[in-house]
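> what follows is a predicted structure for the sequence shown.
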Amino acid sequence: MSVWLALFILTLAALVWLHYRWRQRFAELQSQRTADLDALRQRQQQTTLEAQAQQKILFDSMLEGLLLLDRTKKIYLANRAFKNLFDLKVELRGKTVVETLRLHELDELLKRVESEKQVLDYVIRLPEMNERWLQVNAAAITNGAGEREGTILVFHDLTRLKQLERQREEFVANVSHELRTPLSLIKGYVETLLDGARDNPEVTERFLKTIERNANRLDLLIQDLLTISALESGRMKLDLQPVNLRALAERVLNDLHSKAEGKGTRLVCEMSELVASADPHRLDQVFANLVDNAIKYGRMNGMVTVGGKKLADGRIEIFVRDDGPGIPPEALDRVFERFYRVDKARSRDQGGTGLGLSIVKHIIHAHNGEVRAESEPGKGATFYCTLPSRD
Ligand code: ADP
């Protein structure tokens, strides 16, 4: 009997011990599982954060503005380019497009996306923001079941393109106008000659001289246009070499000597012994244009001075100064624009094309230099150009 009892107790003890071990093992497994789950969750969180960060980097590196709206039309994501386009500094998530931008064109676009699912090449003009032009492509985002999840809008800044388009149109209009004036004069005089004026030799001589003058003007205009076009397209290669500026200035003054004499203008060379690294032919054009203008727009019996010095930063600065009526302050920057003239009639009378200073600016910019004009009205104008020194 005592053997059976002992066996029973032993079995019971073994069972209790087994149960206890199993519970212990189960608890171990349970906590192991919880730890694994925690680690997995953390890894998932980390991966999501990394994916979100990468997505943000990707979206923020886009040149186009990107806007994602959720199904209630609230902003879910707006990238950096979008915020820059509209100069927005605040957090946009959760706001509506209407309250953020207050653009009725965008409301209209969103309504169209509702019905059409996709709207491409929608152009918005923003007159109050320095006349900006935006092209927007918008599309509805749907899930696998075809349900509406939100809207994606991509904004492309067209302002630069529109500006270039407008500049080109203005340029073509200006060129046509400039060409038409001498051409219509030539046509008019030829017609008058053909109509009988040629019977009078004196009149014929006078008319032919006018025709010749206007033909020369056309020729000059076309030459200047070709120069501008080559300079602006970057097709013109500079033949850089050491240029003795004093010798070059003296040569230009000599070439323009008889023109100056006709107006009683005294030409003075104050150029130091400077050597620039430049294209001599192009630099010749710069000096000739500036001195020619100084004589043309300077006063009768005035003085035109050409000079230059080395600046503290090592560059060379040349100048052409006159003591004529000068340039009004508001026109100082504009005189370098194509076809800009302070006094249109005067410039044309003097045979100007309105392109001389624009050519000067392009040539100096091609040498990595800068141009500027200073003037005290009534006392004269001075034009400055910087150039790289040879050393
Ligand atoms: P243009 O062929 O008319 O001379 P430019 O481009 O050389 O064209 O010059 C543009 C305008 O700048 C001129 O029409 C003139 O009004 C003004 N200008 C240029 N140089 C001078 C100067 N030295 N003094 C006064 N006005 C000047």
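Done, it's in.
> now do the helices in this structure.
Assignment of helices within the chain using DSSP state H yields the ranges 2-60, 80-85, 97-101, 104-116, 159-194, 201-233, 245-255, 257-262, 280-297, 344-349, 356-366.
> near the ligand, which residues of this structure?
Applying C-beta under 6 Å from any ligand atom, we find that the chain lies next to the ligand at 289, 293-294, 297, 322, 324, 326-327, 335, 340-343, 347, 352-358, 381. (Glycine included, C-beta is placed from N, CA and C.)
> make it 5 Å
Within the chain, the positions near the ligand by C-beta under 5 Å from any ligand atom are 293-294, 297, 327, 335, 341-342, 347, 352-354, 356-357, 381.
> quick one: which of these is most hemmed in?
Ala294 (27 neighbours; other C-beta atoms under 10 Å).
> state the pair within the residues of the chain next to the ligand that is farthest apart.
Spatial extent of the residues of the chain next to the ligand (C-beta to C-beta) is set by the pair Thr353 and Ala381 at 18.8 Å.
> low-scoring stretches of the stretch 51-200 of the chain, by residue?
129 (pLDDT under 70).
> can you name the residue of it nearest the ligand?
Of all residues in the stretch 51-200 of the chain, Glu178 sits closest to the ligand, with a separation of 10.1 Å (C-beta to the nearest ligand atom).
> for that residue, which non-adjacent residue is closest in space?
Leu221 (5.7 Å; C-beta to C-beta, 6 or more residues apart in numbering).
> got the contact list for the residue of the stretch 51-200 of the chain closest to the ligand?
Contacts here follow C-beta atoms under 8 Å, 6 or more residues apart in numbering; on that basis Glu178 touches 221, 339, 353-354.
> any chance of these in JSON lines, with pLDDT too?
Below are those laid out as JSON lines (pLDDT from 0 to 100):
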{"residue": "Leu221", "pLDDT": "92"}
{"residue": "Phe339", "pLDDT": "90"}
{"residue": "Thr353", "pLDDT": "87"}
{"residue": "Gly354", "pLDDT": "91"}
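> and of those, the nearest to Arg251?
When the contacts of Glu178 are ranked by distance to Arg251 (C-beta to C-beta), Thr353 comes first, at 22.9 Å.
> report the contact partners of that closest one.
The contact partners of Thr353, by C-beta under 8 Å, 6+ apart, come to 178, 217, 220-221, 224.
> ok, now Arg251?
Arg251 makes contacts with Asp284, as judged by C-beta under 8 Å, 6+ apart.
> how many neighbours does the residue nearest to Glu178 have?
Neighbour tally, Leu221, other C-beta under 10 Å: 20.
> on that earlier part again, and the helices of the chain as TSV, adding distance to Leu153?
Below are the helices of the chain laid out as TSV (distance: least, C-beta to C-beta, whole Å):
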stretch	distance to Leu153
helix 2-60	13
helix 80-85	8
helix 97-101	8
helix 104-116	8
helix 159-194	18
helix 201-233	36
helix 245-255	57
helix 257-262	62
helix 280-297	48
helix 344-349	47
helix 356-366	39
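> domain ranges for the chain, per the record?
The chain resolves into domains spanning 61-157, 160-236, 238-391 when parsed by automatic domain parsing.
> which residues does the closest residue to Glu270 other than its chain neighbours bridge with?
Excluding its sequence neighbours, the residue lying closest to Glu270 (C-beta to C-beta, 6+ apart) is Gly307, at 3.6 Å. Under DSSP bridges, the beta-bridge partners of Gly307 are Glu270, Phe319.
> surely Gly307 touches Phe319?
Yes: at 5.5 Å, Gly307 and Phe319 qualify as touching, with contact defined as C-beta atoms under 8 Å.
> next, count neighbours for the residue nearest to Asp323 when sequence neighbours are not counted.
Excluding the flanking residues, the one nearest Asp323 by C-beta to C-beta, 6+ apart is Gly380, at 4.1 Å. Look at Gly380: counted by other C-beta under 10 Å, it has 23 neighbours.
> quick check: Gly380 touching Asp322?
Yes: shown here, Gly380 and Asp322 form a contact pair, counting by C-beta under 8 Å, at 5.0 Å.
> hey, what's in contact with both of the two?
Residues touching both Gly380 and Asp322 (C-beta under 8 Å, 6+ apart) are 298, 302.
> go ahead and name everything in contact with stretch 180-191.
Stretch 180-191 is touched from outside by 207-208, 210-211, 214-215, 217-218, 221, 348, with contacts defined as C-beta under 8 Å, 6+ apart.
> got a list of what the residue nearest to Glu178 touches?
Going by C-beta under 8 Å, 6+ apart, Leu221 touches 178-179, 182, 353, 355.
> hmm, try it at 10 Å
If you count contacts by C-beta atoms under 10 Å, 6 or more residues apart in numbering, Leu221 has them with 175, 178-179, 181-182, 351-355.
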